[in-house]
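S.K.: Dropping a prediction and its sequence here:
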Amino acid sequence: MEIVASGAARRYPRPMGKASFFEAVRPVDLTLRGGEMTVLTGRSGSGKTTLLTMLAGLLKPSAGTVSLDGLDIYAMPDAELSRLRARRFAVVPQVAAPIMSLNVMENILFPAALAEKAPPVRRAEALMQSLDILSLRGAMPAELSGGELRRMAIVRALAAEPDFVFADEPTADLDDENTAVVFSLLREAAERGAAVLTVTHESDAYVYAHHVWQMSAGMLTQD
């Protein structure tokens, strides 16, 4: 089980000036394998989030391919790709994106319902306990702090045990204790068989990783 980026690149047109486009991600070759946690680091604006979004099936590369077990995911019809993401992928976005009309537990269980999976209530409760938000299970998103919303997003991503986890700055807004718990949970997801990609500025994440990569000006190098 693996996702492979082959020469995957993303560029954006410029409306004026000498350059006709901006290269957010230059051609990248990268493999995410089940059972491994990959950490991607680099300065803000270096292309990390753009690369993660392409690998997660949310942004089509301008060039190259992103394949899941040999199948080019961007050659799939949109509805089929959407089903694939719902059933096998989980994304922790930089900005928490709760469904404001659902309480915390309902938000956490929603991806499983979307994927037509049984509600992973016990798994969700165990993860919520680890991140000290179990008491908030009935709270509404508007009642939560930024850090609590972040922890809810982590639980939402991991509860249904997806095959691929894409975590974009998952420890922003968190203290040192919760940061360590999050990285530990992401590592545990990899040990359960998931392929985990974590974008972070936190050097603490390196000790949890099987692979560490660096991005600079859209270029990927192994650290």
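M.R.: Structure's in. What do you need?

S.K.: Please tell me how far V199 sits from R43.
M.R.: From V199 across to R43, the span is 12 Å (CB to CB, to the nearest Å). C-beta here means a position set from N, CA and C on the backbone, and glycine is covered the same way.

S.K.: residue contacts, E161?
M.R.: Applying CB atoms under 8 Å, 6 or more residues apart in numbering, we find E161 in contact with 120, 123, 189, 192, 194.

S.K.: Doesn't it belong to a helix?
M.R.: No: using DSSP: H, G, I helix; E, B strand; the rest coil, the assignment for E161 is coil, not a helix.

S.K.: Can you tell me the element the most centrally placed residue in the chain falls in?
M.R.: Centrality entry for the chain: nearest residue to the mean C-alpha point is F166, 1.8 Å, by CA atoms, centre = their mean. Using DSSP states H and E, F166 sits in strand 164-168.

S.K.: Which neighbouring elements make contact with the longest helix that the chain contains?
M.R.: Using DSSP state H to define each element, the chain has its longest helix at helix 176-191. Judged by 3 or more CB pairs under 8 Å, 6 or more residues apart in numbering; DSSP states H and E, helix 176-191 is in contact with strand 37-42, helix 121-130, helix 146-158, strand 164-168, strand 195-199.

S.K.: Could you point out which of the ones you listed sits nearest M215?
M.R.: Among those, strand 37-42 comes nearest to M215, with 3.7 Å by CB to CB.

S.K.: Please name the strands paired to the closest one in the sheet, noting orientation.
M.R.: strand 195-199 (parallel), strand 211-216 (parallel) (DSSP bridges).

S.K.: want to try CSV for those, with mean neighbour count as columns?
M.R.: Formatted as CSV, the strands paired with strand 37-42 follow (neighbours: other CB atoms under 10 Å):
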stretch, mean neighbour count
strand 195-199, 27
strand 211-216, 18
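
S.K.: Can you add distance to M140 and give these back as TSV?
M.R.: Below are these laid out as TSV (distance: least, CB to CB, whole Å):
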stretch	distance to M140
strand 195-199	28
strand 211-216	37
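
S.K.: can you put these in a markdown table and add mean pLDDT and distance to R150?
M.R.: As requested, the strands paired with strand 37-42 are exported to a markdown table (pLDDT from 0 to 100; distance: least, CB to CB, whole Å):
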| stretch | mean pLDDT | distance to R150 |
| --- | --- | --- |
| strand 195-199 | 98 | 14 |
| strand 211-216 | 96 | 22 |
